[in-house]
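Colleague: for reference, the sequence and a predicted model appear below.
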Number of protein chains: 2
Amino acid sequence: MLVSAFLTSVGINVGLCILLLSLYSILKKQPGNVNVYAPRIAAEERAKERGSLERFVPSAGWILRAWRASEDEFLEVAGFDAYVFLRIYVFSLRIFSFAAAIGVFVLLPINYFGKDFSDIPNQSLDSFTIANVQSGSKRLWVHFCAVYLISGAACCLLYLEYRGIAAKRLAYFYSSPPQPNHFTILVRGIPKFDQYSMSDTVEEFFTQYHPSTYLSHQMVYHTGKVEALMHEAEMLYKKVLQLKEKPRFQRQHQREGFLGLFGSKVDPVDHYTKKLENVEENVRSGQLDFLQKKKEVPAAFVSFKSRYGATVASKIPQSTNPLLWVTKLAPEPQDVYRPFLSAPYLQRWISRFVVMVAVFFLTILFLVPVLFVQGLAQLDQLEKFLPFLKKILTTKVISQVITGYLPSLILLLFMKTVPPIMMLFSAMQGSVSNSGKQKSACIKVLYFTIWNVFFATVLSGSAFSQLDNFISNPKDIPRKLAVVVPGQATFFITYVLTSGWTGLSVEITRLFPLIVDFFRRHFSNSIEDDDCAPTFPYHQDLPKVLLFGLLGFTYSLLAPLILPFLLIYFSVGFIMYRNQMLNIYLPRFETSGQYWPIVHNCTIFSLIFMQIITIGIFGLKKLPLASGLVIPVTIITLLFNNYCGKRFLAMFDNYPAERILPVLQTRERYGRLAMIEAQFDDDDRAILDNLLYVTGLTYVVDMPQITLDHDLLTAVAE
Amino acid sequence: MLVSAFLTSVGINVGLCILLLSLYSILKKQPGNVNVYAPRIAAEERAKERGSLERFVPSAGWILRAWRASEDEFLEVAGFDAYVFLRIYVFSLRIFSFAAAIGVFVLLPINYFGKDFSDIPNQSLDSFTIANVQSGSKRLWVHFCAVYLISGAACCLLYLEYRGIAAKRLAYFYSSPPQPNHFTILVRGIPKFDQYSMSDTVEEFFTQYHPSTYLSHQMVYHTGKVEALMHEAEMLYKKVLQLKEKPRFQRQHQREGFLGLFGSKVDPVDHYTKKLENVEENVRSGQLDFLQKKKEVPAAFVSFKSRYGATVASKIPQSTNPLLWVTKLAPEPQDVYRPFLSAPYLQRWISRFVVMVAVFFLTILFLVPVLFVQGLAQLDQLEKFLPFLKKILTTKVISQVITGYLPSLILLLFMKTVPPIMMLFSAMQGSVSNSGKQKSACIKVLYFTIWNVFFATVLSGSAFSQLDNFISNPKDIPRKLAVVVPGQATFFITYVLTSGWTGLSVEITRLFPLIVDFFRRHFSNSIEDDDCAPTFPYHQDLPKVLLFGLLGFTYSLLAPLILPFLLIYFSVGFIMYRNQMLNIYLPRFETSGQYWPIVHNCTIFSLIFMQIITIGIFGLKKLPLASGLVIPVTIITLLFNNYCGKRFLAMFDNYPAERILPVLQTRERYGRLAMIEAQFDDDDRAILDNLLYVTGLTYVVDMPQITLDHDLLTAVAE
């Protein structure tokens, strides 16, 4: 790619970003858009105070506000997962600042003066890459040192992050009040005995084997339609309340008929009250039906008198048959994903296998559209296939737009469909919590992204026909990667511009939700849900950030020109996501930091990948000694990863006895944390009575009338 | 290989076996050999009763005696690991009887009449293999059915075995009396605080976090030389007692000087008593030294009041730092392997890595002698390298001995050195129990055997030069294996004869121990250890049996002629090892069945390997449909393995709460086992006082004088 074409792409993206950001800072201030930009904050008053002119002037105050929030404030508002997500940006900023310092000030000049020196604009961007250095040149030893320096710095920073996040996670766990889920386990695979109900079996089992800690249990039942009806009733109830607040003349009178288009006009309050009564009738008959049948499912939530009791019961295998009495700590009540609570082991096992196969084929077959995108990226290909467009394509501006911008945009649109599909797959895998589902989808999307965006592009761009050859000759992989990866450097720089920069702007402007909201408010009849703050789509955004990390590591040596662009992406992204986390997304459920091990492993993969390519590059450049000397750093990186797994990964799996056990006496020498835990025992007892009530209520699946009768019947009576 | 050469090999081996077995049944009856053939039984009286003529007549009574022992008797005498070992023979007999029925009566005729029919003796053995069937022949579908039948039967039998052994293991665990190690955990990574001793730290930690179950603890100390001296003193004490029993004139007077060859003759009682006094002096000074210094090691054995308490403490992570307070269930007292109790985590981690690398290189470099052996196997090679031997080599008998017998014998001798080396490696890996060390060595030897005996032979015999090509083209592996594996069928049949048949005879005759014992008794001056019954070398014999299983599965389709020979091996082996387990080997420590998962995984590997080769064979024979239709059975086998892992493997890792918790009431519906457990609670209490004493004593490392002062000082005083 020529420097001029590249600069066009930069220009377009910068223009788009500025446009979108200005739009954001204006749209944000419109009171009507509160639902879109600050669903979490009742910001209406503040918006009203503002002068109407000020509302239309772009400003940067939101940046300051996002920046100012302290860490504790952030944790409280956005949750621990959001904290972990932002740590990726912090880590990336740190390591890539270091890499950029080396890359831009040391490697770039070496690359550029490697062969020849000519005027910049008409030159290919390749002259900034390692390809420009002559084979066997002594200058390549500088690149060699850079591999060691960057790998070393990355490992140090990774270690510090892992340690920091693990410690923070424990502190966060301790500082947050005891939750019902800490005291509760989910038991599945409850055996069925003929004359007894499963509920009796559960009670007997746990009173027998955990007599001192067992508190109560809550069976899971087939609820049928009652739950969905309950949800509808609640929505209608809210809607009625909302409408009643408005003066009568402000209410939009609606038609009763099909889609609100036909029939006579009625007062919406009457309309919805009538609807609510109907639904409520259905709920009641559904409840009666439910209470008569009470179909038990072989799963139950069992609560214990202490967090330690619950942990022990979840860790120790209960039965001689490992498929019976399967225990695990219960997810948070609002995190429970019901559809697979009741699935027997064999069904979950088969569906997991089927999903694995499906994900595999999705990942492989997705190559087809990527190939198509890749075809578009090359102008000459386009001219060959669409000869009638030749005139337009040869225009300088159009050709530069097409080479610089179009391919990655199309790829981006294709990629948008993948996270929802993977989420669907993860749901089918039998997860019992929404957070677990999202985490599993995140891993799937990550594999997908790395394979389909990175490898497919690398292979299809310059040597896709060699893929077969590539797979069947594992020994030559480093050498072949060294040939094909540098060739795609410019593509990935533009990818950072489109998917990274513009992607961020689109994310913060929330174009799509804005349009949806607009239509919903003005044309739709549907019930408005005020709690519409969305949850953060980790499974969609995390793999994207990690892909940028992979690009950064891979190209930090080959084409350091990518690093400044990445740095801008990471710094803008940090501020933006901070803003989004604080104002838009609501942490409805948490994995409490389970995403970090994924990030860590992916970063290690990126490092190893960088090292393997370097081995190949030095081989190609006829520096076999340097090539061989990279292998030790690869081994050290793998050992480091192994050590981190031993040292930190276990901390993400469970909370240790030190933390969940009440401490009777405090001694200084077990570390200062023990002191904080003193007297926890009494607190434990004090909250137990509450918890008994809460756990019964929060995991309630069998008694929907508790919630219903209190709230809704009074509402209808009003 | 020609049929006649092959028959020569069969003849030699059968002759050797008969000779050795006759020798065994004679030698066994010699009273002097009791130490070699029945060290576990005080059989002297019985031997004396026999007439002197009867002693020299070969007999087969030992077979009956070995056969007669009931399962419970066997378990009690030989332990659970021996039971598991013999189950491999039972499983192999069952599956290979089935495979042999198909192979000999269906496949063999099809193979033999595949191309041509000529007189047997001058024909190559290859005419009995699948190579003889014409390409594209419809008869190959019979082979295809055989793959499904054998795979299905193997999976069914594997499932039944796994289930049976898992259930037996639990029953065995329950039926054996509570052991100190059930109540004890090994804690490592105890942090050091300045003013406190580690012993205090341990006590404080466990009284704080496990106040209701903690019983006592036993620190590990650096014992220095005291332990070795103690052992020597004990030996000397036994020797003195032994000598005192004999009348004075029967004692062989010995010279005091170098190796008992020089110096004046003295009464051995005086001689050893003097020696004992010296050693005892050293022990005493060593103890004083030890007691003054008392160098603590950051490891301790912590005992709990119940098995459940110990299990919980071993399963729940104790500290926020997973490298501190690392807990695991303690090995049996006699199973503790001390050298690595004190090793810090980092040291164990590094040594594990180093050992991994060393094992890898040993496995790879061992190819060199195997290649040499392979060279010998081919007569023409031998003639080329050693032309002066041409005359001898061309003699019919010699040439047949060389082709039929020599190669596998040399391989056998080389292989003998591997298990001790692997044992050494496993010891360096930081194991804390002898059984764990042996299990780890077993896995290493297994990898080694499969790679070096099977793959190296297969590749070097016909296509070793293609190894490089082989590794670098993973897609073609099935096809290439299909080419090279059948070519080695005759070699492996002779391997079964030499390593299997003759190996068994050598094992039961115990030639090497016999010679050692003879020299020790007649020429050596060393102290006799009466408890010299050896432990069974699982790490040496288990991989060998599994290799025969791999051969059986691999060749059951390609060259079914191997199956009858294997069947004879397995049936003779079953009886012989039963005899050995009952009479010779003493189960000093147990893994309680942990070997079965290894056997299971290896068998699954063999099955998959057989299926992959079949895919290649059908591809070569131009039956691509059959080739493709084998893939489903491979997937089903893998899924079956996954299911078994989920269903049974967990049962080998831990004993479930159902089993370790005392049951207060017994209810029929938790299965009949619950009933057996009733009233265990009281037993628990009753044995606790004993255990407190026993655990203190059995894990004793810091107080050697307890054992010493009682036994030895009285002995010297006599």
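Modeller: Structure's in. What do you need? Numbering: from 1, shown residues only, chains lettered A, B, ... in the order given.
Colleague: can you list contacts of stretch A:198-206?
Modeller: Defining contact as CB atoms under 8 Å, 6 or more residues apart in numbering or on different chains, one finds that stretch A:198-206 is touched by A:187, A:190-193, A:196, A:214, A:217, A:219, A:296, A:298, A:300, A:302, A:313, A:318, A:325, B:667, B:669-670. (Each C-beta comes from the backbone N, C-alpha and C, glycine too.)
Colleague: mind checking which of those residues are buried?
Modeller: Taking 16 or more other CB atoms under 10 Å in any protein chain shown as the criterion, what is buried in those is A:187, A:190-191, A:214, A:217, A:219, A:296, A:298, A:300, A:302, A:313, A:318, A:325, B:667, B:670.
Colleague: just want the most central residue of chain A.
Modeller: Chain A has A:Tyr538 as the residue nearest its centroid, 0.9 Å off, counting by CA atoms, centre = their mean.
Colleague: what residues are up against that one?
Modeller: The neighbourhood of A:Tyr538, defined by CB under 8 Å, 6+ apart, consists of A:Asp81, A:Phe85, A:Gln438, A:Lys439, A:Cys442, A:Tyr595.
Colleague: swap in A:Ile88?
Modeller: Applying CB under 8 Å, 6+ apart, we find A:Ile88 in contact with A:Leu542, A:Val545, A:Leu546, A:Gly549, A:Val599.
Colleague: next, the nearest residue to the last one once chain neighbours are set aside: secondary structure please.
Modeller: This means A:Val599. Nearest-residue entry for A:Val599: A:Ile88, 5.5 Å, with adjacent residues in sequence omitted and distances by CB to CB, 6 or more residues apart in numbering or on different chains. Put simply, A:Ile88 is helix when judged by DSSP: H, G, I helix; E, B strand; the rest coil.
Colleague: got a pLDDT number for A:Ile88?
Modeller: Looking at A:Ile88, its pLDDT reads 94.
Colleague: hmm, A:Thr502 is touching A:Gly15, no?
Modeller: No. The criterion here is CB atoms under 8 Å, and A:Thr502 misses it with A:Gly15 at 9.8 Å.
Colleague: between the two, point out the one with more neighbours.
Modeller: A direct count of neighbours by other CB atoms under 10 Å in any protein chain shown for A:Thr502 and A:Gly15 places A:Thr502 higher, at 22 against 11.
Colleague: tell me the phi and psi of the more buried one?
Modeller: Note on A:Thr502: backbone dihedrals following degrees, to the nearest 10 are phi -70, psi -40.
Colleague: that one: what's it in contact with?
Modeller: A:Asn13, A:Leu16, A:Cys17, A:Leu20.
Colleague: so how far is A:Val14 from it?
Modeller: 9 Å (CB to CB, to the nearest Å).
Colleague: what helix or strand is the closest residue to A:Glu232 other than its chain neighbours on?
Modeller: Take A:Glu232 and drop its neighbours on the chain: the residue closest to it by CB to CB, 6+ apart is A:Val279, 5.4 Å away. Under the criterion DSSP states H and E, the helix or strand holding A:Val279 is helix A:268-293.
Colleague: any idea of the mean pLDDT in that helix?
Modeller: Helix A:268-293 carries an average pLDDT of 74.
Colleague: and it, what does it pack onto?
Modeller: helix A:226-245, helix A:705-717 (3 or more CB pairs under 8 Å, 6 or more residues apart in numbering or on different chains; DSSP states H and E).
Colleague: near chain B, anything from the very next helix or strand once past that helix?
Modeller: Going down the chain from helix A:268-293, the next helix or strand is strand A:296-304, by DSSP H and E. No. Strand A:296-304 stays clear of chain B (CB under 8 Å from any CB of the partner chain), getting no nearer than 13.0 Å.
Colleague: for strand A:296-304, which strands pair with it and how are they oriented?
Modeller: Each strand paired with strand A:296-304, and its direction, by DSSP bridges: strand A:184-188 (antiparallel), strand A:214-221 (antiparallel).
Colleague: and those, which one is worst for confidence?
Modeller: Note on the strands paired with strand A:296-304: strand A:214-221 shows the lowest mean pLDDT, a mean of 80.
Colleague: and the helices and strands packed on helix A:268-293, which one's lowest on average pLDDT?
Modeller: helix A:705-717 (a mean of 37).
Colleague: for A:Met576, which non-adjacent residue is spatially closest?
Modeller: Closest to A:Met576 by CB to CB, 6+ apart is A:Ile508, at 4.9 Å.
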